[in-house]
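Chemist: next one to model:
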Amino acid sequence: MNAPKRRDVSRICLISERVSGSNWLTSTLQKNFPRQVATNCFTFKHWFQSPLDIRDRLQDGDIVIVNFRNALDWILHLWRKPWNSSSHHNLTLEEFITKQWMANPQIGFGENQNTALHPGRHLSVTVEENYSAFHDHYEKYKHIFGGDFPEGPIDNIMKLRAMKVDNFVRIKDWILSDPAWTPRVLFVRYEDLIAIGGQGMENFIKGLKTSYNFVNEKEEDVILNTYKGKGNQAINMTEFEARELYYTKNPESSIITPEVQNILLRHLDFEQEKKLGYHYEFLGP
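Modeler: Take a look at the predicted model:
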């Protein structure tokens, strides 16, 4: 069987949920393909994607990278920093994973309000510093997203996860691709990118460079952005170890209590997770 022909690429589109390494992936892609990378090709990268938006705005030279992170780490990190979800701030983990995914009517920030009271502190901070209030955005499900889910508000973050994974996986069916050429939709896992001290990211970039022709780009060695985060929050990915991933070990009982464990077992879509290559045997039967 002949190897697929190298596709010409003029734009890289990234789609990924929050706290899944998308900023690190974007910055690394931009270092290697500075003229190609975009995060707003269709709907904003974090939100549900619509086949109508994709078909209307898709360009011939587009490829789409869809990035996932395992459910447990994703939930725990969003719990600690609930981006775009102010009514989920300052909750216990059990409250966080069971609360309906919608805003509280009494929580909100006016368009002209420059400061907000951070729920975890007794002081005012700018909206930009308050990750939970900045661009507060609670999505509702619509049939146009493609799945067999009810329209309207979403029951909880685990249902949001199942809906979002289902939606993102469908993108490959919405973008026609001749199998004689390299694919237009690529799926990547955050855990694979950080593997072996960031070697996974380097291998991914090398794979892109050898499988595609990037328009107006020079053939150069891989430039690896080894840092994720800003300022004191930066993480050196060359020193990042697998033990920092909760899903690779038995989490501390102080975090995953029996009550939380039972909720996860009842509500996570484990069959869907297996299709992404994620297994959570340590959570128990």
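Chemist: ok but residue 14 is inside a strand, no?
Modeler: Yes. Under DSSP: H, G, I helix; E, B strand; the rest coil, residue 14 falls within a strand.
Chemist: quick one: it and residue 62 touch, right?
Modeler: No. If you go by C-beta atoms under 8 Å, residue 14 and residue 62 don't touch, sitting 11.2 Å apart. The way it works is simple: take the backbone N, C-alpha and C, and place the C-beta from them, glycine included.
Chemist: list the contacts for residue 154?
Modeler: Going by C-beta atoms under 8 Å, 6 or more residues apart in numbering, residue 154 touches 100-102, 139-141, 160, 163.
Chemist: what bridges to it?
Modeler: residue 101 (DSSP bridges).
Chemist: how many residues are close by residue 77?
Modeler: 17 (other C-beta atoms under 10 Å).
Chemist: so it belongs to a strand, correct?
Modeler: No. Residue 77 is assigned helix when assessed by three-state DSSP, not a strand.
Chemist: that one contacts residue 19, doesn't it?
Modeler: Yes. Here residue 77 reaches residue 19: they are 4.1 Å apart, a contact under C-beta under 8 Å.
Chemist: spell out the secondary structure type for residue 148.
Modeler: coil.
Chemist: tell me the secondary structure for the closest residue to residue 224 other than its chain neighbours?
Modeler: Nearest-residue entry for residue 224: residue 202, 5.2 Å, with adjacent residues in sequence omitted and distances by C-beta to C-beta, 6 or more residues apart in numbering. Recorded secondary structure, residue 202: helix (three-state DSSP).
Chemist: and residue 263, how far from residue 183?
Modeler: 37 Å (C-beta to C-beta, to the nearest Å).
Chemist: what mean pLDDT does stretch 192-201 get?
Modeler: What stretch 192-201 shows for mean pLDDT is 82.
Chemist: and if you look at stretch 152-164?
Modeler: For stretch 152-164, the per-residue pLDDT averages 97.
Chemist: start at 29, not 1
Modeler: Got it, first residue is 29 now, which makes that one stretch 180-192.
Chemist: could I get the buried residue list for that stretch?
Modeler: Neighbour-count burial for stretch 180-192, counted by 16 or more other C-beta atoms under 10 Å, picks out 182-183, 185-192.
Chemist: same deal with stretch 97-114?
Modeler: 97-107, 110-114.
Chemist: ends of it, how far apart?
Modeler: 22 Å (C-alpha to C-alpha, to the nearest Å).
Chemist: go on, stretch 180-189?
Modeler: 15 Å.
Chemist: and for stretch 37-50?
Modeler: Per C-alpha to C-alpha, the first residue of stretch 37-50 is 20 Å away from its last.
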